[in-house]
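Trainee: what follows is a predicted protein model with its sequence.
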Amino acid sequence: MIIDLSCYPTDLVDLAWRHDGEPFTGERLLKMMDGPFYVNGKPRRVDKAFIQPPQGNTIYTHGIHEKEGKAAIREYMGYTEKMVCEHPDRFIGCFVYNPRYGTQNGAEEIERYVKEFDFKMVQLQANMHAYRPDRALDWLRPAMRVCADLGIMVKVHTGDGPYSIPTEFIPIIREFPEVNFILAHFGVQTGGVYTFEPFQMAMDEPNVYAESGWCLQSRIVEFAKELPKHKILFGTDTPPNEPGMWINLLEVLCHEPPQGLNLDEDTLEDYLGNNTARMIGLEPTAPPKSVAEAEAYLRDNGVVLEPAE
């Protein structure tokens, strides 16, 4: 299966990024996930996606988001909760932790969303929520304790300063070795390119993993040669991104050098979904052996394929 770590369906256009067009709803995301996307010549879909609210919708906004405490948290998590409940076979919940609504409030809500709605991940967005993660450890500990107790992964927004440079998270990562931390966007965002930091952190720290999306194509080839194969996880940051380009980023690893490294399809399948599946207790799956097998799987799951010309 293919599992996407980073998707943001919403009924309200992101108040920070201000994406053009109508809100990118859960229904639009499901249609996009069905693709089909071609991986080594075989049609595929994104089988499951971790979803969460757009980050700009998780902060106080005059006239729109004015609630406080748990009421504010439940308001910004509301659409994600709704989509997870309506599409449990495709969507997995990711809780966005904003410590400015109260660290204990956030910790208690993490536990509630995990136990009531089977959420599997928590995200930290220190830039949007304005705190230095290496200094505000007291803001992070209550949430991390819950994640440790419940076995929940933590995804960390990285790639731009002043508060989302990957190495700023090393203190909290080392304080909670029992928590698996995923460095989102491979250290690349609007304000910086820090690809070597997630690479080295994933090499050095047993509980650190790197999300593939946003990584430079030439660097992912270099890093995949060195990283243990379970350390690369597929994620697209959709929207604004389109999933196919980041699927292709990993597919290229199966090409010949220098653009690729002759990666085998089983390891590619690990990157695309099986690594994440193992981390959340799902059974890994083998890649389709043929075009016919891939097409049959999609048809069995309701994906309409265009007839061959």
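Mentor: Yes, it's here.
Trainee: do a quick rundown of the strands in the stretch 51-200 of the chain.
Mentor: Assigned by DSSP state E, counting those that start in this stretch, the stretch 51-200 of the chain shows strands spanning 91-97, 121-124, 153-157, 181-184, 188-189, 192-193.
Trainee: ok, which of those comes nearest residue 215?
Mentor: Closest of those to residue 215 is strand 188-189, at 6.5 Å (criterion: Cβ to Cβ). For every residue, glycine as well, the C-beta is placed using N, CA and C.
Trainee: note down every partner strand of that closest one and its orientation.
Mentor: strand 192-193 (antiparallel) (DSSP bridges).
Trainee: rounded mean pLDDT for the strand it pairs with, please.
Mentor: For strand 192-193, mean pLDDT is 93.
Trainee: now do the contacts for residue 23.
Mentor: By Cβ atoms under 8 Å, 6 or more residues apart in numbering, the contact list for residue 23 reads 10, 11, 12, 13.
Trainee: please apply the same query to residue 11.
Mentor: Counted by Cβ under 8 Å, 6+ apart, residue 11 has contacts 23, 25, 79.
Trainee: any chance of the residues you listed in TSV, plus pLDDT and distance to residue 119?
Mentor: Shown next, in TSV, are the contacts of residue 11 (pLDDT from 0 to 100; distance: Cβ to Cβ, whole Å):
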residue	pLDDT	distance to residue 119
23	96	22
25	98	20
79	98	14
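Trainee: just those residues now: which is nearest residue 256?
Mentor: Of the contacts of residue 11, the one sitting nearest to residue 256 (Cβ to Cβ) turns out to be residue 25, at 40.7 Å.
Trainee: count of neighbours near the closest one?
Mentor: A count of nearby residues for residue 25, using other Cβ atoms under 10 Å, gives 14.
Trainee: kindly report the same for the one 3 residues further on.
Mentor: In terms of burial, residue 28 registers 15 neighbours under the definition other Cβ under 10 Å.
Trainee: then residue 89?
Mentor: Using other Cβ under 10 Å, residue 89 is surrounded by 8 other residues.
Trainee: for the closest residue to it other than its chain neighbours, give me the pLDDT.
Mentor: Closest residue to residue 89 apart from its sequence neighbours, by Cβ to Cβ, 6 or more residues apart in numbering: residue 48 at 7.9 Å. Per-residue confidence (pLDDT) for residue 48: 98.
Trainee: partners of residue 48 in the sheet?
Mentor: Beta-bridge partners, per DSSP bridges, of residue 48: residue 3.
Trainee: and the gap between it and residue 123?
Mentor: As judged by Cβ to Cβ, to the nearest Å, residue 48 and residue 123 stand 17 Å apart.
Trainee: residue 274 too?
Mentor: With Cβ to Cβ as the criterion, residue 274 and residue 123 are 22 Å apart.
Trainee: how about residue 21?
Mentor: 24 Å.
Trainee: more neighbours: which of the two?
Mentor: Using other Cβ under 10 Å as the criterion, residue 21 and residue 123 rank with residue 123 on top: 23 against 8.
Trainee: now do the closest residue to the more buried one other than its chain neighbours: how many residues are near it, please.
Mentor: Counting by Cβ to Cβ, 6+ apart, residue 155 is the residue found nearest to residue 123 once chain neighbours are left out, at 4.6 Å. As a burial measure, residue 155 scores 26 neighbours (other Cβ under 10 Å).
Trainee: can you pull the pLDDT of residue 155?
Mentor: 98.
Trainee: these two touch, right, it and residue 211?
Mentor: Yes - when contacts are counted by Cβ atoms under 8 Å, residue 155 is listed as touching residue 211 (7.3 Å).
Trainee: so for the two, which residues contact both of them?
Mentor: 5, 6, 182, 184.
Trainee: that older thread, quick one: the residue nearest to residue 89 and residue 5 touch, right?
Mentor: No - using Cβ under 8 Å, residue 48 and residue 5 do not qualify as a contacting pair, with a distance of 10.0 Å.
Trainee: wait, doesn't residue 12 sit right on residue 61?
Mentor: No - Residue 12 is beyond contact range of residue 61, at 9.9 Å (criterion: Cβ under 8 Å).
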